[in-house]
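> based on what follows, work out the 3D shape:
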Amino acid sequence: MADAALRLQGLFEQLLGAPLPVRIRAWDGSQAGPPGAPTLVVRHRRALRRLLFKPGELGLARAWVAGDLDVEGDLYSALDLLAGLIWERGEDARTLTAALRDPEVRAAVRGLVRLAGPPLPPAPPREEVRRVRGHLHTRRSDRRAISHHYDVGNDFYELVLGPSMVYSCAYWTAPESEGGTLEDAQRDKLELVSRKLGLSPGQRLLDVGCGWGSMAIHAAREHGVSVVGVTLSQEQAAYARKRVADEGLTDRVEIRVQDYRDVADGPYDAISSIGMAEHVGAERYLEYAGDLYHLLKPGGRLLNHQIARRPQQDESAYSVDEFIDAYVFPDGELAPIGTTVTQLERAGFEVRDVESIREHYALTLRRWVANLEAGWDRAVQLTGPGRARVWRLYMAASALSFERNRIGVNQVLAVKTPDRGDSGMPLRARTWN
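Numbering: from 1, shown residues only. Prediction:
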């Protein structure tokens with residue numbers, strides 16, 4: 001009798017201490033759970049071994065990336081239903097150890113072991129980062145981390161990001177229902193950054209983490225500035241240089257493969273750092289802020305566009321998301337917005353404006369997921385099924401995190417205000433000149 005799904009449902013509910021809100025279909029074809037709910041498909045009993053050897057998020061991620069675990073139905077609904085049971089329980093090793101003292105929990109674990117089959121730990125999917133010993137956020141380790149994420153292939157990023165080739169939160173002045181598109185929203189974001197920085201002809205702009213060159217091209221073409229864009233990704237730089245040449249802007253835009261810490265040709269009138277500071281790390285953040293401060297001329301402006309997490313009661317307990325760290329952004333770290341503002345001020349900046357655009361990122365991510373799903377066969381051809389699955393899960397889960405206020409994103413405008421106190425900023429807030 002095919003009954004693996006029913007057995008799994010009972011075992012999971014014993015372990016989680018709550019009814020399972022999704023349906024289960026197991027490798028033997030059996031199904032169990034609430035009718036009409038999204039279906040968690042356990043394609044192979046190997047998924048159970050992954051969970052047993054790596055309980056929690058990393059085990060689930062490995063099963064998903066390997067294709068041992070899947071979802072049928074609406075992915076967003078499934079993730080939302082499971083989040084409270086799995087990703088938001090806040091369990092650490094001590095609480096898991098305490099749970100295993102419960103005879104019913106131990107019995108459920110033994111039941112999973114029997115269902116899982118031969119007790120050999122499956123190898124992690126090849127898409128998982130292989131850790132190298134050493135300090136975080138050195139120039140070498142940062143190059144490796146950036147290469148893992150960004151050197152996936154420019155064709156893949158074109159498929160996901162669309163023609164704008166902007167890989168950061170768009171700014172939606174009009175939703176798609178009113179004729180707004182992802183490309184419109186990304187252009188409006190680049191223009192918003194340009195206006196906040198007060199860009200004008202003849203100025204010099206440093207674009208830190210320049211990606212595929214979209215901000216550099218926009219600033220040079222629309223505002224007449226000279227731009228230096230720096231990235232650690234060879235693939236990004238090659239793509240950006242071709243775009244610059246195609247736009248006829250080689251006299252005003254220079255794209256470098258260079259660490260921001262090695263830029264030494266200041267001063268600049270303005271610096272944009274859009275979706276880059278998440279890679280810096282807490283230990284290096286003050287250094288990052290100080291380097292950018294010294295690269296600006298007096299009165300120069302910094303626009304720091306950065307994802308933020310919610311603060312914790314005990315900040316020392318913060319740990320990086322296991323799935324994101326292993327498969328998406330190795331060594332990436334998020335900080336609360338208050339911490340970011342404090343570090344910028346400690347470096348000498350006067351913070352003049354903080355704008356939260358959290359909901360805009362949820363809209364952006366949903367468009368990227370739609371692009372990926374529409375071009376799924378092509379994405380798999382370009383990167384392989386595992387990498388495509390990583391991106392689908394990471395972007396869908398991130399969209400929900402922004403919608404539920406688990407994480408946010410902020411644009412912080414800061415000025416290197418001279419000693420005499422003249423910031424050069426308009427008197428009225430949000431009047432960008």
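> could you pull out the helices for the stretch 301-433 of the chain?
Assigned by DSSP state H, counting those that start in this stretch, the stretch 301-433 of the chain shows helices spanning 322-323, 337-346, 358-374, 376-383, 385-403.
> how close does the closest residue in space to L334 that isn't next to it in sequence sit to R43?
Once flanking residues are discounted, L334 sits nearest to R309: 4.0 Å by Cβ to Cβ, 6 or more residues apart in numbering. Just so you know, the C-beta spots here come from the backbone N, C-alpha and C atoms, and that holds for glycine as well. Distance, R309 to R43, using Cβ to Cβ, to the nearest Å: 33 Å.
> averaged pLDDT, the helix or strand containing L11. What do you get?
Using DSSP states H and E, the element containing L11 is helix 4-16. Averaging pLDDT along helix 4-16 gives 84.
> with stretch 384-392 instead?
Average pLDDT, stretch 384-392: 95.
> quick check: buried residues in that stretch?
Buried residues in stretch 384-392, counting neighbours by 16 or more other Cβ atoms under 10 Å, are found at P385, G386, R387, A388, R389, V390, W391, R392.
> roughly how far does the last one sit from A399?
I take that to be R392. 11 Å.
> so what sits against both of the two?
V369 (Cβ atoms under 8 Å, 6 or more residues apart in numbering).
> all helices of the stretch 151-300 of the chain, in order?
Using DSSP H, counting those that start in this stretch, helices in the stretch 151-300 of the chain cover 154-161, 182-197, 214-223, 234-246, 285-295.
> out of those helices, the one nearest I357 is which?
When the helices of the stretch 151-300 of the chain are compared by Cβ to Cβ, helix 182-197 sits nearest I357, at 8.4 Å.
> neighbours of R352, how many?
R352: 17 surrounding residues under other Cβ atoms under 10 Å.
> so who does it touch?
Residues near R352 by Cβ under 8 Å, 6+ apart: L413, A414, V415, S423, M425.
> doesn't L413 make contact with the fourth one?
Read it as S423. No: between S423 and L413 there is no contact under Cβ atoms under 8 Å: 10.5 Å.
> show me which of the two is the more surrounded one.
More neighbours surround L413 than the other of S423 and L413, with 22 against 13 (other Cβ under 10 Å).
> I'd assumed S319 was in contact with Q312.
No: counting by Cβ under 8 Å, Q312 does not reach S319; the two are 10.0 Å apart.
> now do the contacts for P418.
Contacts of P418 (Cβ under 8 Å, 6+ apart): P298, G299.
> what residues are up against P21?
The contact partners of P21, by Cβ under 8 Å, 6+ apart, come to P34, A37, L81, L82, L85.
> where does the protein have low pLDDT?
For the chain, the stretches with pLDDT under 70 are 1, 85-108, 131-151, 175-179, 429, 431-433.
> for it, longest strand please?
If you go by DSSP state E, the chain has its longest strand at strand 296-309.
> what is the burial count for R309?
17.
> what's the answer for A374, then?
11.
> do the same with the one 3 residues further on
Applying other Cβ under 10 Å, we find 9 other residues in the vicinity of D377.
> likewise the one 4 residues further on?
By the measure other Cβ under 10 Å, the count of residues near Q381 is 13.
> next one: it from A374, what distance?
14 Å.
> what do you get for R252?
35 Å.
> does R187 really touch M215, like I thought?
No: contact criterion Cβ under 8 Å: R187 and M215 do not qualify, at 10.9 Å.
> between these two, point out the one with more neighbours.
Using other Cβ under 10 Å as the criterion, R187 and M215 rank with M215 on top: 27 against 19.
> how about the contacts made by the more buried one?
Counting by Cβ under 8 Å, 6+ apart, M215 makes contact with V166, L190, V193, D207, V227, G229, S272, I274.
> write a ChimeraX command that selects only the buried members of those residues.
Those of these that count as buried under 16+ other Cβ under 10 Å are selected in ChimeraX with:
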select :166,190,193,207,227,229,272,274
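> if we can go back for a sec, for D259, which of the helices of the stretch 151-300 of the chain is the nearest?
helix 285-295 (9.9 Å).
> now the closest one: buried residues?
Using 16+ other Cβ under 10 Å as the test for burial, helix 285-295 gives Y285, Y288, A289, G290, D291, L292, Y293, L295.
> ok and it relative to strand 296-309, angle-wise?
Computed by axes from the mean of the first three to the mean of the last three Cα atoms, to 10 degrees, the angle separating helix 285-295 from strand 296-309 equals 150 degrees.
> count of residues packed around R404?
R404 sits with 12 neighbouring residues when counted by other Cβ under 10 Å.
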